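Peer 1: Next one to model:
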Amino acid sequence: MAVETLTFGCRLNTVESEALRVHAGADGRDRVVVNTCAVTAEAGRQARKAIRRIARERPGAEIVVTGCGAEVETEAYVAMPEVARLIGNAEKLRPEGWSAAGTGPGAVMAARHAEPTRTTAITGHTRSFVPVQNGCDHRCTFCVIPFGRGASRSVPASDVIAQVESVVAQGGCEVVLTGVDLTAYGRDLPAPALSLGGLVREILRSVPDLARLRLSSIDSVEADDALLRAIAEEERLMPHLHLSLQAGDDLILKRMKRRHLRADAIRFCETVRRLRPDMVFGADLIAGFPTETEAQFARSLDLVSECGLTHLHVFPYSPRPETPAARMPPVDPEAIRARAARLREAGADALRRHLDAQVGRRLTVLAERGGVGRSADFTAVRLPADKAPGTFHSIAIAGHDGARLISA
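Peer 2: Presented below is the predicted three-dimensional model:
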């Protein structure tokens, strides 16, 4: 019987859900695995709501909870009568983790090695995600993910390259390297280990038939010279970077315990654009972090234009229990919602300006499912229905609808 998985949260969770299907279904049970997220309170609320729905719809199925929610909000899930078992992040990708003797949540904090996921594709996706790193050694004051994922651990370069080769051998043409703290890649591996930039270059050298390589979210302050050289010189490394910025005010950044200041973010974007003029930036930004004043929020709002951001992920601040930020003076919830809306509006305006600049150009687009595709800089393009997923096309851009480009 096929195992059903329900995934919340990040791309890493999505990839891991595909990989754990084999182990979760080995004993043939009617089982639903809920791979949870703990990055916001809303993520946990949605997961628990889904668990109750599954229990009503499939009363005979065993519901197993894993992911960061299982690690960080263990008691909340243990208290749910619908949940049969919790499996920790440290063991969900290993066959022995699904045995009755599994250790459950908590073991991830002692994990010192990152296991390759050994998955080559995600059902329904054109791009293939290859996790190269897991965990985080930093302690941002708003974040619980290090406690859900453990210490930073890197997958050896040889294993990463083998996974990319497998993707290409099965017809894949675009790979996204992903991780929790991607730019920390290699620091825990024996010397002489590659950094992220070195890994990028080694992948592209070793797998010449890979058409496109992308990076998921990076921490710009950790970008070293090797990564900057790869950005400048490797044409198959796509000109799109998603930055973990979070705020644009220096005092708020310090209270977040981030390792960069506003000027560092602006300087990084300027440097990268000099190296790669076609680079497009996305960013994570938090609205309404505790103690944030209107003037401090305005600096985050201004960062959209000063960094030239195009694709925004906006998060209204959500307090997580046991984090330092949860003990700081909160911002009024109405103000948080209003600030998040203003950030999203600024993001929508920035995206429209970017789309305006593409009209009249001819772009190389990788077709995806549902009549859309992506250009090199990750801009969405609406395509004719006859464009098969996973194929490249030279497309003349006639206009846009505010979210996607429209082909001529």
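
Peer 1: For the helix or strand hosting residue 345, which helices and strands make contact with it?
Peer 2: Using DSSP states H and E, residue 345 sits within helix 333-358. Contacts defined by 3 or more CB pairs under 8 Å, 6 or more residues apart in numbering; DSSP states H and E place helix 333-358 against strand 280-287, helix 294-306, strand 309-316, strand 392-400. To be clear about C-beta, it is placed using only N, CA and C from the backbone, and glycine gets the same treatment.

Peer 1: elements contacting the third one?
Peer 2: The contact analysis (3+ CB pairs under 8 Å, 6+ apart) places strand 309-316 against strand 240-246, strand 280-287, helix 333-358.

Peer 1: Then the first one?
Peer 2: Applying 3+ CB pairs under 8 Å, 6+ apart, one finds that strand 280-287 makes contact with strand 240-246, helix 294-306, strand 309-316, helix 333-358.

Peer 1: pLDDT averaged over the shortest one - what is it?
Peer 2: Which is strand 240-246. Mean per-residue pLDDT for strand 240-246: 98.

Peer 1: ranges for the helices of the chain?
Peer 2: 11-24, 41-57, 68-72, 74-78, 145-149, 157-169, 196-206, 225-233, 250-256, 262-275, 294-306, 333-358 (DSSP state H).

Peer 1: Dump the lowest-mean-pLDDT helix or strand in the chain to PDB, restricted to CA.
Peer 2: In the chain, no helix or strand scores lower on mean pLDDT, DSSP states H and E than helix 11-24, which sits at a mean of 82. Extracted as PDB, the C-alpha positions of helix 11-24 are listed here (Å, rounded to 0.1, in the frame of the first residue of the first chain):
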ATOM      1  CA  ARG A  11      12.000  22.800   0.200                       C
ATOM      2  CA  LEU A  12      14.200  20.500   2.300                       C
ATOM      3  CA  ASN A  13      11.100  19.000   3.900                       C
ATOM      4  CA  THR A  14       9.600  18.500   0.400                       C
ATOM      5  CA  VAL A  15      12.700  16.600  -0.800                       C
ATOM      6  CA  GLU A  16      12.900  14.600   2.400                       C
ATOM      7  CA  SER A  17       9.200  13.600   2.100                       C
ATOM      8  CA  GLU A  18       9.900  12.000  -1.300                       C
ATOM      9  CA  ALA A  19      13.000  10.200   0.100                       C
ATOM     10  CA  LEU A  20      11.300   8.800   3.200                       C
ATOM     11  CA  ARG A  21       8.400   7.200   1.300                       C
ATOM     12  CA  VAL A  22      10.500   4.000   0.700                       C
ATOM     13  CA  HIS A  23      11.300   3.500   4.400                       C
ATOM     14  CA  ALA A  24       7.900   4.500   5.600                       C
END
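
Peer 1: And that helix, how far out from the chain middle?
Peer 2: Centroid separation for helix 11-24 versus its chain: 15 Å, with CA atoms, centre = their mean, to the nearest Å.

Peer 1: and if you look at stretch 219-237?
Peer 2: Chain-centre distance of stretch 219-237: 18 Å, with CA atoms, centre = their mean.

Peer 1: For that stretch, list every residue counted as buried.
Peer 2: Going by neighbour count (16 or more other CB atoms under 10 Å), the buried part of stretch 219-237 is 219, 220, 222, 223, 226, 227, 228, 230, 231, 234, 236, 237.

Peer 1: Could you do stretch 389-403 as well?
Peer 2: 389, 390, 393, 395, 397, 400.

Peer 1: With just CA atoms, put stretch 340-349 into PDB.
Peer 2: Backbone C-alpha positions of stretch 340-349 (Å, rounded to 0.1, in the frame of the first residue of the first chain) are rendered in PDB as follows:
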ATOM      1  CA  ALA A 340       3.500  42.900   6.300                       C
ATOM      2  CA  ALA A 341       0.900  44.200   3.800                       C
ATOM      3  CA  ARG A 342       3.000  47.200   3.000                       C
ATOM      4  CA  LEU A 343       6.100  45.000   2.400                       C
ATOM      5  CA  ARG A 344       4.100  42.700   0.100                       C
ATOM      6  CA  GLU A 345       2.800  45.800  -1.800                       C
ATOM      7  CA  ALA A 346       6.400  47.000  -2.200                       C
ATOM      8  CA  GLY A 347       7.300  43.500  -3.400                       C
ATOM      9  CA  ALA A 348       4.500  43.500  -5.900                       C
ATOM     10  CA  ASP A 349       5.600  46.900  -7.300                       C
END
